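Peer 1: Here is the input, now give the coordinates:
(chains A and B)
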Amino acid sequence: MSPDLSLELCGIRLEHPILNGSGTFDAIAAHRAFGDAVDERLPFSAYVSKTITPERRAGNPPPRLYETPAGMINSIGLPNKGLEGFLMEDLPDLVRLPVPLCVSVMAPSRPGFAALVERVGQRDEVAAIEVNVSCPNVKSGLIVGEQPGETLALLEVIRPLTDKPLIVKLTPNCSDPAAVARAAAEGGADAVSLINTLRATGLDPTTLDPWLGATSGGLSGPAIRSIALDQVRRVVAQVSIPVIGMGGIETGADALEFLALGASAVAVGTASFRDPAAARRVRSELVSELVSRGLDRLPSPHVPSTST
Amino acid sequence: MTDRVLAPFGRRRCAVVANEATGGYRLISALDEGGPPPRAGQFYMLAGAGWGGTGGRPYLPRAFSVAEAEAGADGVRLDFLCEAVGPGTGVLAALAVGDALHLTGPLGRPFSTPCELAPGAAGAILVGGGIGIAPLAILRRALAERGVPQRVLLGFRDRAHSGGLDLFRCSEVRTASEDGHTGHQGYVTDLLAVLLEGDDADSAAVYACGPAAMLEAVRELCAARDVPAELAMETPMACGFGSCFGCAVPLAGGGYMRLCVDGPVVRAEEIETAMVAGSGH
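Peer 2: Numbers count the residues shown, from 1 in each chain, chains lettered A, B, ... in the order given. Down below sits the predicted model:
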């Protein structure tokens, strides 16, 4: 008897707990490379879009990638078609996916976030919105997701604008991600996801100058998994909303570790670069892990805690 | 436009069936039992088993244009030209017969035919440099099968960077080398400049693959003479299927293309420059 992998996340029924990390799987581009097989065999139970911003962005100058031990640094710079371009061109294309759609949004200001949440939230095709707070607020100059106060203030603006689940994507680049998670929950977030990439840089081995066109970027891959596990552990202990864990997941055993710490779901990110169908392997390995432990379903999501 | 061949979704394990030294490079052959034959100009993401090694690299697969592909009863034999220059290529160059080669592909946009590039173009001029001669080998054969007349110009830095000539057996090749060990002493673009001065230029399409500086010289030569050209480019890429956005190449009209899905073969006029920061590493 195969274990039951299904779950309900923010009121959305999911066949299994494996999502994609935002910006690590472009279903539209993948369709150009692999055809209908991408839709038919999509290895994710929900699809999280690449982050969209109010205006079109070209992204950072190359080079944008730097391989590290057990990982990579990217400085992509959020290239995207902007809100209007996304709604007109990409959203109609993403509707063909057989799973719920979560749209990731980011803006340099609260009014910008408000416009994104309101417009995206109006679309029936969208099941949930992920709020990417790893960005500066141009008004305060602070990175929203590094500050509980900024995060709470943002949620207070956007929460009333949609009934759709709001998932706050936490940044690991702060001293106390759990405090930011608490602020997100207090502001009415339905879930948090973590971790985003860790700020990192790499040097040209010949010139010893920074390699990346944007000087620094974000580290991902197995190199960050232990950090991700610890941050998930800390956040799970302090919020009662679901936690989506990610960071260097390569195998079913990795996924199980995040779930065992209390994550409700997990995301496969950089591993998809190495193998576009990596998440399918992770899923089947997760089944094997559960079977070998005599479990007929996923570990229970975290127990709400009042401790601080 | 010549359509791309779609790749099976997901990477697959192939067996290495040959790995031979050629002029400082390795010609690695694998038997692909699970994928279709590629079109000339398409590429594969290649990795050895697992990841890590000295210093925890390679982690990511590496993009390789296919040099030759031959469909047989038990699969497609794929040839890749590889030079060990770093941790990723080092692992690949050291693969032994029977070892696993993990690949995803064929990926990307293939070469067009001359008449697709320009209605009046009847012949092809192939310009290759160094390890970049690889995709021109399969292109040469594909064009020959269509009866397209062609000239092949290949340039090498020195003898230690001159592998893969065997891929061009049965064809007339003109060579150049910076050290003079073969053919014209100088750049392959010197040979191209001479050809483009002749009458052939009006009816020719140019196909080029090689170092960024060579591609840029080809682009400028062809632009100056209004000769249609396609360039097979290279940049570092993490995924090869449009998801990492790492392989940005500046477009002539501003913004960037993703070389993995919008290339690796590009029309010369599409791009701002072939000199993309970070390529060739």
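Peer 1: Now do the end-to-end distance for stretch A:153-172.
Peer 2: This stretch, stretch A:153-172, spans 19 Å end to end (C-alpha to C-alpha, to the nearest Å).
Peer 1: now that stretch: mean pLDDT?
Peer 2: The average pLDDT within stretch A:153-172 is 98.
Peer 1: cool, stretch A:80-100 as well?
Peer 2: 97.
Peer 1: C-alpha coordinates for it, PDB please?
Peer 2: Backbone C-alpha positions of stretch A:80-100 (Å, rounded to 0.1, in the frame of the first residue of the first chain) are rendered in PDB as follows:
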ATOM      1  CA  ASN A  80       9.900  39.400 -16.100                       C
ATOM      2  CA  LYS A  81       7.300  40.900 -18.300                       C
ATOM      3  CA  GLY A  82       5.800  43.000 -15.600                       C
ATOM      4  CA  LEU A  83       2.200  42.800 -14.200                       C
ATOM      5  CA  GLU A  84       0.500  43.600 -17.500                       C
ATOM      6  CA  GLY A  85       2.700  41.400 -19.600                       C
ATOM      7  CA  PHE A  86       2.200  38.500 -17.100                       C
ATOM      8  CA  LEU A  87      -1.500  38.800 -17.100                       C
ATOM      9  CA  MET A  88      -1.800  39.200 -20.900                       C
ATOM     10  CA  GLU A  89       0.900  36.700 -22.100                       C
ATOM     11  CA  ASP A  90       2.000  34.300 -19.400                       C
ATOM     12  CA  LEU A  91      -1.100  33.600 -17.300                       C
ATOM     13  CA  PRO A  92      -3.200  32.400 -20.200                       C
ATOM     14  CA  ASP A  93      -0.300  30.000 -21.000                       C
ATOM     15  CA  LEU A  94       0.100  28.700 -17.400                       C
ATOM     16  CA  VAL A  95      -3.600  27.800 -17.100                       C
ATOM     17  CA  ARG A  96      -2.900  24.700 -19.100                       C
ATOM     18  CA  LEU A  97      -0.900  23.300 -16.100                       C
ATOM     19  CA  PRO A  98      -2.800  20.500 -14.300                       C
ATOM     20  CA  VAL A  99      -2.100  21.900 -10.800                       C
ATOM     21  CA  PRO A 100      -3.000  24.900  -8.700                       C
END
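Peer 1: Please identify the buried residues of it?
Peer 2: A:80-81, A:83, A:86-87, A:90-91, A:94, A:97, A:99-100 (16 or more other C-beta atoms under 10 Å in any protein chain shown). (Glycine included, C-beta is placed from N, CA and C.)
Peer 1: Could you tell me which of these are located in helices?
Peer 2: A:83, A:91, A:94 (DSSP state H).
Peer 1: check contacts around the residue nearest to the first one when sequence neighbours are not counted.
Peer 2: Closest residue in space to residue A:83, ignoring its immediate chain neighbours: residue A:54 at 5.3 Å, by C-beta to C-beta, 6 or more residues apart in numbering or on different chains. Neighbour list for residue A:54: A:82-83, A:107, A:112, A:115-116 [criterion: C-beta atoms under 8 Å, 6 or more residues apart in numbering or on different chains].
Peer 1: What of residue B:269?
Peer 2: Residue B:269 makes contact with B:223, B:252, according to C-beta under 8 Å, 6+ apart.
Peer 1: what secondary structure does it sit in?
Peer 2: For residue B:269, the assignment made with DSSP: H, G, I helix; E, B strand; the rest coil gives helix.
Peer 1: Quick one: the ones in helices among the buried residues of stretch A:80-100 as TSV, columns for distance to residue B:239 too.
Peer 2: Listed next are these as TSV, based on distance: C-beta to C-beta, whole Å:
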residue	distance to residue B:239
A:83	25
A:91	23
A:94	18
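Peer 1: Quick check: which element contains residue A:244?
Peer 2: Using DSSP states H and E, the element containing residue A:244 is strand A:243-246.
Peer 1: swap that for residue B:71, please
Peer 2: strand B:68-72.
Peer 1: go on, residue B:174?
Peer 2: Per DSSP H and E: strand B:173-177 holds residue B:174.
Peer 1: Name the residues of the stretch 201-308 of chain A found near chain B, please.
Peer 2: A:211, A:213, A:221-223, A:270, A:272-277, A:280 (C-beta under 8 Å from any C-beta of the partner chain).
Peer 1: Looking at these, spot the one nearest chain B.
Peer 2: residue A:277 (3.0 Å; C-beta to the nearest C-beta).
Peer 1: contacting residues for that closest one?
Peer 2: Residue A:277 neighbours (C-beta under 8 Å, 6+ apart): A:41, A:43, B:9-11.
Peer 1: With adjacent residues omitted, what lies nearest to it?
Peer 2: Here the residue nearest residue A:277, using C-beta to C-beta, 6+ apart, is residue B:10, at 3.0 Å.
Peer 1: residue contacts, that neighbour?
Peer 2: By C-beta under 8 Å, 6+ apart, the neighbours of residue B:10 are A:41, A:275-277, A:280, B:104.
Peer 1: Give me the three-state assignment for residue A:19.
Peer 2: Per three-state DSSP, residue A:19 ends up strand.
Peer 1: Could you pull out the helices in the chain for me?
Peer 2: By default, I'm working from chain A. Under DSSP H, chain A gives helices at A:27-34, A:37-40, A:82-85, A:91-94, A:110-121, A:148-158, A:177-186, A:225-236, A:252-260, A:271-274, A:278-292.
Peer 1: oops, chain B please
Peer 2: B:87-93, B:114-117, B:134-145, B:188-197, B:212-225, B:259-262.
Peer 1: and these, which is most packed in?
Peer 2: Sort the helices of chain B by mean neighbour count, taking mean count of other C-beta atoms under 10 Å in any protein chain shown, and helix B:259-262 sits at the top with a mean of 26.
Peer 1: That helix packs against which elements?
Peer 2: helix A:27-34, strand B:248-250 (3 or more C-beta pairs under 8 Å, 6 or more residues apart in numbering or on different chains; DSSP states H and E).
Peer 1: Pipe those into JSON lines and attach distance to residue B:63 per row.
Peer 2: Listed next are the helices and strands packed on helix B:259-262 as JSON lines, based on distance: least, C-beta to C-beta, whole Å:
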{"stretch": "helix A:27-34", "distance to residue B:63": "13"}
{"stretch": "strand B:248-250", "distance to residue B:63": "13"}
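Peer 1: Throw those into CSV and include mean pLDDT and mean neighbour count, thanks.
Peer 2: Shown next, in CSV, are those (pLDDT from 0 to 100; neighbours: other C-beta atoms under 10 Å in any protein chain shown):
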stretch, mean pLDDT, mean neighbour count
helix A:27-34, 98, 22
strand B:248-250, 97, 23
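Peer 1: Residue B:109: which of these is closest?
Peer 2: With C-beta to C-beta as the measure, helix A:27-34 is the member of those nearest residue B:109 (9.2 Å).
Peer 1: from the middle of its chain, how far away would that closest one be?
Peer 2: 20 Å (C-alpha atoms, centre = their mean, to the nearest Å).
Peer 1: how much space between the residue nearest to residue A:83 and chain B?
Peer 2: Residue A:54 sits 17 Å away from chain B, going by C-beta to the nearest C-beta, to the nearest Å.
Peer 1: Could you list the low-pLDDT ranges of the chain?
Peer 2: In the absence of a named chain, chain A is used. Scanning chain A with the threshold set as pLDDT under 70 gives A:302-308.
Peer 1: was after chain B, sorry
Peer 2: For chain B (pLDDT under 70), the answer is B:1, B:199-200, B:280-281.
Peer 1: Quickly list the domain ranges of it.
Peer 2: Following automatic domain parsing, one gets these domains for chain B: B:12-107, B:114-270.
Peer 1: For the buried residues of stretch A:80-100, work out which two are farthest apart.
Peer 2: Across the buried residues of stretch A:80-100 (C-beta to C-beta), the longest gap, 22.6 Å, separates A:83 and A:99.
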